[in-house]
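> Give me coordinates for this.
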Amino acid sequence: MSKSPTVEDVALAAGVSRQTVSNVLNSPHIVRPKTRERVEDAIRSLNYRPHAAARQLRTRRSSTIGIHLDPYAGGVSGVVLDRFVHALTEHAGERGMRVMLYAARDADDEIERMGELVDRGEVDAIVITGTFRGDPRTGWLAAHDVPFVSFGRPWGADDVADPAHLWVDVDGAAGTRAATTHALGIGDGPVAFLGWPSGSGTGDDRERGWREALSGVGEGPRWVAEESVDEARRVVGEAVAAGEVTRAVVCASDSLAIGAQLAFVAAGRDVPVIGFDNTPAAEALGISSIEQRPEDVASGALQLLMGSSGTIVAPRVAAAGTAHVLVEPRLVLR
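Okay, here's the model as predicted:
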């Protein structure tokens, strides 16, 4: 069994002192950029992993990132967050960090749980998911000076030029724009959009991409359904029965896309449907969909929290242009 590399091995490979390696691991901001880069290259090439327990005693850090585990609610699209959490755990491990899952019933309950974890020193940073307008969790984290990043934008007036906090998200508008552009090349007639009721930041963003792709081409039907296969099937079924004709339907989720496809099949109509999330269910049914790439979202979240260091270096104030990672999704055609 080969011996694991030590701090001394890293120092020798980088041509620096042991203390410099320790500084790079624990206080990277005090090390000159060129020296820090040399040490980080040595750490990667040797596959060095700091001893978590020893580092916690020395630095009073837990080397742990907390993330809320959503309650199981069934349905189709929850697999995206499952993939994100799995990828976050895997990539964090590669950086010498751990991920702690915690449960909460709602935002207030989550704030209470985060407070307990922070007070006990069990986490160094938090990743929150499912942001929404007026989200009290982000305000609490900022007020208590807890490093954090959200999977989901702040939904402010300008999340890029004037960000409220660090965030990483999928460019939903880019995804539905690509899907709608593809659909416009199929047959004749308008391209419909099946989405959630207005007011959802994510849903409105995905609708925006559809509208942008139709700009100058002509409007299409905008159908509304809650996140439910049965509800989507009912809404599309009623539209078909009313004589509405579409060349294709772009949907805000795979759940809605599956419901739409079932409605068209029941009516004997062959209408292309494109979903959003690229879940195994959509793949099994042969439905085209937009792949969110949650693995890239997880990498982006860690980059914002840690940079290229081995510890949390997230700034306390988000800076314009550098406080976010926007992942462009990929259209998967079937």
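> In PDB, list the C-alpha atoms belonging to the helix or strand harbouring residue 250.
For residue 250, the host element (DSSP states H and E) is strand 248-251. Taking Å, rounded to 0.1, in the frame of the first residue of the first chain, the C-alpha atoms of strand 248-251 are listed here in PDB:
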ATOM      1  CA  ALA A 248     -44.700  21.800 -31.200                       C
ATOM      2  CA  VAL A 249     -44.900  22.500 -27.500                       C
ATOM      3  CA  VAL A 250     -42.000  23.700 -25.300                       C
ATOM      4  CA  CYS A 251     -42.500  23.000 -21.600                       C
END
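> And for it, what's in contact with it?
176, 179-180, 183, 186-187, 191-195, 210, 223, 232, 236, 257, 260, 271-276 (C-beta atoms under 8 Å, 6 or more residues apart in numbering). C-beta here means a position set from N, CA and C on the backbone, and glycine is covered the same way.
> Sheet-wise, list the partners of it with their directions.
strand 191-195 (parallel), strand 273-276 (parallel) (DSSP bridges).
> Which positions within the first one qualify as buried?
Looking back up the chat, that one is strand 191-195. 191-195 (16 or more other C-beta atoms under 10 Å).
> same thing with stretch 98-118?
Neighbour-count burial for stretch 98-118 [16+ other C-beta under 10 Å]: 98-99, 102, 104, 107, 110-111, 113-114, 117-118.
> which ones among these are found in strands?
Using DSSP state E, the subset of the buried residues of stretch 98-118 located in strands is 98-99, 102.
> ranges for the helices of the stretch 201-334 of the chain?
Using DSSP state H, counting those that start in this stretch, the helices of the stretch 201-334 of the chain run over residues 201-214, 229-241, 254-266, 280-284, 294-306.
> Report the angle between the last one and strand 98-102.
It stands for helix 294-306. Helix 294-306 and strand 98-102 are oriented at 110 degrees to each other (axes from the mean of the first three to the mean of the last three C-alpha atoms, to 10 degrees).
> Show me what the biggest helix by length in the chain is packed against.
Ranked by residue count and defined by DSSP state H, the top helix of the chain is helix 79-94. Where contact means 3 or more C-beta pairs under 8 Å, 6 or more residues apart in numbering; DSSP states H and E, helix 79-94 is packed against strand 64-68, strand 98-102, strand 125-129, helix 294-306.
> rerun that using 7 Å as the cut-off
Using 3 or more C-beta pairs under 7 Å, 6 or more residues apart in numbering; DSSP states H and E, the elements in contact with helix 79-94 are strand 64-68, strand 98-102, helix 294-306.
> got the ones you listed as TSV, with distance to residue 203 columns?
As requested, the helices and strands packed on helix 79-94 are arranged in TSV below (distance: least, C-beta to C-beta, whole Å):
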stretch	distance to residue 203
strand 64-68	21
strand 98-102	27
helix 294-306	18
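> Throw these into JSON lines and include mean pLDDT, thanks.
Below are these laid out as JSON lines (pLDDT from 0 to 100):
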{"stretch": "strand 64-68", "mean pLDDT": "92"}
{"stretch": "strand 98-102", "mean pLDDT": "92"}
{"stretch": "helix 294-306", "mean pLDDT": "92"}
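> sorry, back to before: nearest to residue 123, of the helices of the stretch 201-334 of the chain?
helix 294-306 (11.5 Å; C-beta to C-beta).
> Could you pull out the buried residues of that closest one?
294-306.
> Ramachandran coordinates for residue 28?
Torsion angles at residue 28 (phi, psi; degrees, to the nearest 10) stand at phi -60, psi -20.
> Which pLDDT does the model give it?
At residue 28, the model reports a pLDDT of 76.
> doesn't residue 309 make contact with it?
Yes. Counting by C-beta atoms under 7 Å, residue 28 touches residue 309, with 4.2 Å between them.
> Out of the helices of the stretch 201-334 of the chain, which gets nearest to residue 320?
Of all these, helix 294-306 sits nearest to residue 320, with 14.0 Å by C-beta to C-beta.
> I appreciate the help and will end here.
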